[in-house]
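Participant: below: sequence and its predicted model.
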Amino acid sequence: MERNTQQRITLKLKEYAEEPLTYARKLIHTKIGTYRFRIGDYRVIFDIEDEYLVILRIGHRSSIYK
């Protein structure tokens, strides 16, 4: 993953962390996680445990769900 993409994802995650469910979509198949963020062509798969955002996967939209 390119450096500028990593930085963009990091900035968005900091922004989304305040109120994650405002920006998240619930996944239909929860084998890989419960929620996702869309950041350009990348997806961040995560769960929420207690008050913590637990990031499970970050990847390109073409391969993240496989």
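Facilitator: Nice, thanks for sending it over. On a predicted model such as this, the values are computed, not experimentally measured, just so you know.

Participant: rest of the way, CA atoms for contacts and neighbours
Facilitator: Noted.

Participant: next, name the residue at the spatial heart of the protein.
Facilitator: Val44 (2.0 Å; C-alpha atoms, centre = their mean).

Participant: surely it and Ile32 touch.
Facilitator: No. Counting by C-alpha atoms under 8 Å, Val44 stays clear of Ile32, with 10.9 Å between them.

Participant: quickly list what's touching both of those two.
Facilitator: Leu56 (C-alpha atoms under 8 Å, 6 or more residues apart in numbering).

Participant: Ile45 is in contact with Gly33, isn't it?
Facilitator: Yes. Under the criterion of C-alpha under 8 Å, Ile45 makes contact with Gly33 at 5.9 Å.

Participant: between those two, which one's more packed in?
Facilitator: Between Ile45 and Gly33, Ile45 has the larger neighbour count (other C-alpha atoms under 10 Å), namely 25 against 19.

Participant: for beta bridges, what are the partners of the closest residue to that one other than its chain neighbours?
Facilitator: Nearest non-adjacent residue to Ile45, counting by C-alpha to C-alpha, 6 or more residues apart in numbering: Arg36, 4.5 Å away. Arg36 forms beta bridges with Arg25, Ile45, as assigned by DSSP bridges.

Participant: what's near enough to touch Arg36?
Facilitator: The neighbourhood of Arg36, defined by C-alpha under 8 Å, 6+ apart, consists of Ala24, Arg25, Lys26, Leu27, Arg43, Val44, Ile45, Phe46.

Participant: likewise Val54?
Facilitator: Neighbouring residues of Val54 by C-alpha under 8 Å, 6+ apart: Phe46, Asp47, Ile48.
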